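> sequence first, predicted model second:
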Amino acid sequence: MRNRSAHRSFHSERRSTHGGRHELGQNFLIHRPTIRGIVDLVAATTGPILEIGAGDGALTAPLATLGRDLTAIDIDEHRVRALRQRLPRVRVEHADALRHPLDRPVLVGNVPYHLTTPILRRLLTGSGWRDAVLLTQWEVARKRAGVGGGTMMTAQSAPWFEFALHGRVPARHFRPMPSVDGGILSVTRRASPLIDPRDRGRYDRFVRDTFTGAGGDLAAILQRSGALTRRSARRVLRDLGVADAGLPRDLRPLQWAALWREVSGGDGSG
């Protein structure tokens, strides 16, 4: 009985005030080639690094060998304490990725799956960073990179950011093992936006209306929304190399930007 009580007491002390690893969405990466691949992607960037969700330091330790200014944050105070002792030359902070300033040029992290969407929204609406290398759910990484068709979120962000997929990470490469695979996604801020940043609000609404509009194909959606006449829509889409039966998900970033210039009367160019 005493042993069980001591066992419960030990785990109670180790439990974060924010919950256990399941509540925190922690699935730790243990596959060394994947870790090396992520670090290599970061090595190809320049500037100080912010690691989101450092956990037990699987990425933190090899990132520290790059010899660059490195800050690692985690919401689990026990792991923060352990990492500070293990890596005294790394700045390790007890912080929430949904509140901590994302103000370093390079961001990297094994993102807790349940926080992927809010963290991505923070990234894509924020400033102060240039390159991000993220390990997310496979479906999120695939969709953001436009594999199999674009999404509304990607189309709204594409004039300002470039997305790239760098491989699938099987669930067995994590502990505890999640129910889905992961994917490595890189996001790079464009040096020259495809659309004037001052037009972002109007452009976002245009993309949303196009994705949610009735009509079936793109030409019909644009006509029904009043953006273009049917004839103009078909001409513009033909010039952009989009099939008559094309859908919003079929458009690439340059095509979205060109379509916006047509719809906005040519005043939306960057």
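Received it, and whenever you're ready, just let me know what you need.

> all strands for the chain, in order.
All strands of the chain, identified by DSSP state E, fall at 28-29, 49-52, 70-74, 91-94, 106-110, 131-137, 161-169, 174-175, 182-189.

> pLDDT wise, what is the residue lying closest to residue 143 once chain neighbours are set aside at?
Using C-beta to C-beta, 6 or more residues apart in numbering and skipping residues adjacent in sequence, the residue nearest residue 143 is residue 151, 5.0 Å away. The C-beta positions use only the backbone N, C-alpha and C, and glycine is treated the same way. pLDDT recorded at residue 151 is 90.

> number of residues surrounding residue 151?
For residue 151, the neighbour count with other C-beta atoms under 10 Å is 16.

> and it, how far from residue 163?
10 Å (C-beta to C-beta, to the nearest Å).

> list residues touching both of those two?
Taking C-beta atoms under 8 Å, 6 or more residues apart in numbering as the criterion, residue 151 and residue 163 both touch residue 144.

> got a list of what the residue nearest to residue 143 touches?
With contact set as C-beta under 8 Å, 6+ apart, residue 151 has these partners: 143-144, 249.

> narrow these to those in helices?
143-144 (DSSP state H).

> in the protein, where is pLDDT below threshold?
For the chain, applying pLDDT under 70 flags the ranges 1-25, 266-270.

> hmm, try it at 50
The chain contains residues with pLDDT under 50 at 1-13, 16, 18-24, 267-270.

> that one - how does it break down into domains?
With domains defined by automatic domain parsing, the chain comprises 22-189, 197-263.

> distance from the last one to the middle of the chain?
Right, the one you point to is domain 197-263. Here the centre of domain 197-263 is set off from its chain's centre by 25 Å, with C-alpha atoms, centre = their mean, to the nearest Å.

> out of the contacts of residue 151, who's nearest residue 55?
Comparing those against residue 55 with C-beta to C-beta places residue 144 closest, at 22.4 Å.

> look up how far residue 183 lies from the nearest residue to that closest one once chain neighbours are set aside.
Excluding the flanking residues, the one nearest residue 144 by C-beta to C-beta, 6+ apart is residue 163, at 5.0 Å. Applying C-beta to C-beta, the value for residue 163 to residue 183 is 11 Å.

> state the distance from residue 142 to residue 260.
Counting by C-beta to C-beta - residue 142 and residue 260 are separated by 25 Å.

> circling back: reformat the contacts of residue 151 as TSV; add neighbour count and distance to residue 98.
Listed next are these as TSV, based on neighbours: other C-beta atoms under 10 Å; distance: C-beta to C-beta, whole Å:
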residue	neighbour count	distance to residue 98
143	22	21
144	27	19
249	16	29
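
> kindly indicate which of the contacts of residue 151 lies nearest residue 45.
Of the contacts of residue 151, the one sitting nearest to residue 45 (C-beta to C-beta) turns out to be residue 144, at 18.3 Å.
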